[in-house]
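*Asks:* The following comprises the amino acid sequence and a computationally predicted model.
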Amino acid sequence: MGPQRGDLLKKELGIFTFRDLLEHFPYRHLDKTKVNRIADINSQTEYIQVAGILKDITVIGNKSARRLTARLQE
């Protein structure tokens, strides 16, 4: 682990020592191995991971209102 990761653990989780790391129990776990279909998204969905091919990538707007849009094809 490098110094940047160490600083992140200190700042975000309050982990300063190896003992702190061993005694840290996360309050939630996000399973990032499961890939869902876009059709599975609903109003109750908090986190979801989808996979596909980005198509029709464009930048719309200007200055601070500029954003990237794309179409995801499964």
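*Replies:* Looks like it came in fine.
*Asks:* Is the residue of the chain most remote from its centre in a helix, a strand, or coil?
*Replies:* Largest separation from the mean C-alpha position in the chain: R19, at 27.2 Å (CA atoms, centre = their mean). R19 falls in the helix class when you classify it by DSSP: H, G, I helix; E, B strand; the rest coil.
*Asks:* F25 belongs to a helix, doesn't it?
*Replies:* No. Applying three-state DSSP, one finds F25 to be coil, outside a helix.
*Asks:* From K32, how far off is it?
*Replies:* F25 sits at a distance of 19 Å from K32 (criterion: CB to CB, to the nearest Å). The way it works is simple: take the backbone N, C-alpha and C, and place the C-beta from them, glycine included.
*Asks:* residues near D40, how many?
*Replies:* Residues lying near D40 (other CB atoms under 10 Å) number 9.
*Asks:* got the phi/psi numbers for it?
*Replies:* phi -80, psi -10 (degrees, to the nearest 10).
*Asks:* pretty sure it contacts Y47?
*Replies:* No. Applying CB atoms under 8 Å, one finds D40 not in contact with Y47, separated by 11.8 Å.
*Asks:* Spell out, range by range, the strands that occur in this structure.
*Replies:* Per DSSP state E, the chain carries strands over the ranges 53-60, 67-73.
*Asks:* For those strands, give me TSV that also has distance to P3, mean pLDDT and mean neighbour count.
*Replies:* Output for the strands of the chain, formatted as TSV (distance: least, CB to CB, whole Å; pLDDT from 0 to 100; neighbours: other CB atoms under 10 Å):
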stretch	distance to P3	mean pLDDT	mean neighbour count
strand 53-60	34	94	9
strand 67-73	32	93	10
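*Asks:* looking at these, which is closest to D7?
*Replies:* strand 67-73 (29.4 Å; CB to CB).
*Asks:* Show me what that closest one pairs with in its sheet, parallel or antiparallel.
*Replies:* Paired with strand 67-73 in the same sheet, following DSSP bridges, are strand 53-60 (antiparallel).
*Asks:* what's around V50, how many residues?
*Replies:* V50: 13 neighbours (other CB under 10 Å).
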